[in-house]
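*Asks:* mind folding the following:
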Amino acid sequence: MERLKELKKDIYRCIHCKACVFAYSGEPSRKGVGEHKGTFGKQSVLYEGMLKSCPAQLEFGWEAYANAGKVWIARSILEGEIQIDENVAEVVYPCITCGLCEEQCENDIRTVDIIEALRAAVLEAGVPARDKHDLVDNITKKEDNPYGGKKEERMDWVKEAGIDPALLNKKDAKIAYFVGCTAAYRQKNIAGATVKLLQKLGLDITVLTDEVCCGSPFFRVGKTQTAQRLMKDNLKMFSKYEKVLFSCAGCYRTFTVDYPKWTKEKNKFATQHAMELIAQLITEGKLEFKEHPKLKGKTVTYHDPCHTGRHFAEYFKHQLIEESTNLFLDKRKLNQKVDAWFEIPRTIIKAIPGITFNEMYRIKENSFCCGAGGGVRSQYPDFSLNTASRRLDEAEAVKANIVLTECPFCWRNLSDANDRDKHGMEVYGILELIDTYDLVKAKAVPKKK
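*Replies:* Model prediction:
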């Protein structure tokens, strides 16, 4: 309850306007791509103006499942008007914590923090955790990952990808690549593609065999003891490096945003997503791509992961609110910073010759979620995949052959929904696409001797 009490000012700023259930809530006349009946949708969707975009409310219908309901539930708990019980848990957990509600809020309420604090309060009140969340918690206590993979098998992808094992635990490297559980045990193609690309660009990196889960799944579902234990292990392990690189959006968000929030101090290392590095090299003219005949004429679109997209935009905003002396002027700088942030993956895609890049209607801060996060994929798989299919319907509306993203968890959910509902598209990570089709034309950084 302490964390919930800390957020009381945010909770009481909610005026129940319900803008949080929409994308483009401030742009009722926004032009879009028009009406489309997708493979999954039972009826046509008009991708124009404001769209209802809270995944939980779209799935379950009732307002309680949307942020407008959850924040007022939190308020009622603080007022002592309702007791935390299974009924509260039932509406608090089916939330992907995508942060779309936070983006739409004109009162700058930290909605994702409130939902995570509500979940922690539910557990503190003695309400049982969701069964799948308990399962992955117990698995992680034993194997340091939520998939149940053996610790000694965490780096098997290195050999499978044909990468020199000398990469592991290099003592003189200044940059460490944090693989993450999803890429290590499930989407090994993402881990292999990332390392091969970074090596091709001449970066001297290492991967640590003792790496453990970043803790993101446990921060999201309120299991803060497990999350903090993993956080402490990682901070101790990686603090001797100058920089930690990521290919997983959730891991990157957790290291960069959550760790300092919980430790109350800055990390001793810099953090960077691999796509930031690639985009920087392109902008500096140090990296070029070549055309591939199998990609020529293909139409691609991009799905913004919530963790590297909207969550960082909100992180920048709240940093500015805390530090600003003139919020009116500084918000202009914030808008420039956020625009530049969302252009990072687009800089890479636009540099690939021979393809057509069509944006979906809901993009960047207003992007619709893939459905994988917040503990939803494990506990509510149908809801999770239905959300992914709604997103793929939107990709169909812009005639995409290929859906790109830059998060292994988004990749997994979009791929599974694509297969389940037969959308007929291909799903790739951006770096995976570059590696698969060997698109690098020029090396960026000369290898160190």
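*Asks:* what distance separates the host helix or strand of Thr387 from the centre of its chain?
*Replies:* Taking DSSP states H and E as the definition, Thr387 sits inside helix 381-397. With CA atoms, centre = their mean, to the nearest Å as the basis, helix 381-397 stands 16 Å off its chain's centre.
*Asks:* for stretch 310-317, same thing?
*Replies:* 12 Å.
*Asks:* with stretch 48-67 instead?
*Replies:* 19 Å.
*Asks:* buried residues, it. List them.
*Replies:* Buried residues in stretch 48-67, counting neighbours by 16 or more other CB atoms under 10 Å, are found at 48, 50-51, 53-60, 63-67. Where you see a C-beta, it was placed from the backbone N, CA and C, and this is true even at glycine.
*Asks:* which two of those residues have the greatest separation?
*Replies:* Glu48 and Ala64 (28.1 Å; CB to CB).
*Asks:* show me what the helix holding Thr387 packs onto, helices and strands only.
*Replies:* With contacts defined as 3 or more CB pairs under 8 Å, 6 or more residues apart in numbering; DSSP states H and E, helix 381-397 has these neighbours: strand 34-36, strand 45-47, helix 55-60, helix 376-379, helix 408-420.
*Asks:* looking at these, which is nearest to Glu153?
*Replies:* Of all the helices and strands packed on helix 381-397, it is helix 408-420 that lies closest to Glu153, at 16.9 Å by CB to CB.
*Asks:* on that earlier part again, tell me the one of the buried residues of stretch 48-67 nearest Ile348?
*Replies:* Nearest member of these to Ile348, counting by CB to CB, is Ser53, at 25.8 Å.
*Asks:* skipping its backbone neighbours, what lies nearest that closest one in space?
*Replies:* Leaving aside its chain neighbours, Ser53 sits nearest to Ala23 (3.9 Å; criterion: CB to CB, 6 or more residues apart in numbering).
*Asks:* residues contacting the strand or helix carrying Lys261, please?
*Replies:* Using DSSP H and E, Lys261 sits within helix 259-263. Contacts to helix 259-263, defined as CB atoms under 8 Å, 6 or more residues apart in numbering, come from residues 227-228, 231, 234-235, 266-267.
*Asks:* just to revisit the earlier point, export the helices and strands packed on helix 381-397 as JSON lines, with columns for mean pLDDT.
*Replies:* Shown next, in JSON lines, are those (pLDDT from 0 to 100):
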{"stretch": "strand 34-36", "mean pLDDT": "96"}
{"stretch": "strand 45-47", "mean pLDDT": "97"}
{"stretch": "helix 55-60", "mean pLDDT": "96"}
{"stretch": "helix 376-379", "mean pLDDT": "96"}
{"stretch": "helix 408-420", "mean pLDDT": "97"}
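*Asks:* JSON lines for the ones you listed, including distance to Glu343?
*Replies:* As requested, the helices and strands packed on helix 381-397 are exported to JSON lines (distance: least, CB to CB, whole Å):
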{"stretch": "strand 34-36", "distance to Glu343": "25"}
{"stretch": "strand 45-47", "distance to Glu343": "22"}
{"stretch": "helix 55-60", "distance to Glu343": "25"}
{"stretch": "helix 376-379", "distance to Glu343": "29"}
{"stretch": "helix 408-420", "distance to Glu343": "19"}
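*Asks:* out of those, which comes closest to Cys370?
*Replies:* helix 408-420 (4.3 Å).
*Asks:* residue nearest the centroid of this protein?
*Replies:* His307 (2.7 Å; CA atoms, centre = their mean).
*Asks:* how near is the residue nearest to Cys306 when sequence neighbours are not counted to Arg253?
*Replies:* Nearest non-adjacent residue to Cys306, counting by CB to CB, 6+ apart: Cys98, 4.4 Å away. For Cys98, the distance to Arg253 equals 12 Å [CB to CB, to the nearest Å].
*Asks:* compare these two (neighbour count), which wins?
*Replies:* Applying other CB atoms under 10 Å to Cys98 and Arg253 shows that Cys98 carries more neighbours, namely 29 against 26.
*Asks:* next, the contact list for the more buried one, please.
*Replies:* 55, 306, 310, 369, 373-374 are the contacts of Cys98 under CB under 8 Å, 6+ apart.
*Asks:* same thing with Glu63?
*Replies:* With CB under 8 Å, 6+ apart, Glu63 has these contacts: 18, 57, 69.
*Asks:* 7 Å instead?
*Replies:* Contact analysis of Glu63 by CB atoms under 7 Å, 6 or more residues apart in numbering lists Gly69.
*Asks:* same check, this time on Met275
*Replies:* 344-345, 348, 406, 430-431.
*Asks:* in those residues, which residue is surrounded by the most others?
*Replies:* Of the contacts of Met275, with other CB under 10 Å as the count, Glu406 tops at 31 neighbours.
*Asks:* now do the helices in the stretch 101-250 of the chain.
*Replies:* 111-124, 131-143, 156-160, 181, 188-200, 216-221, 224-238, 249-253 (DSSP state H, counting those that start in this stretch).
*Asks:* I appreciate the help and will end here.
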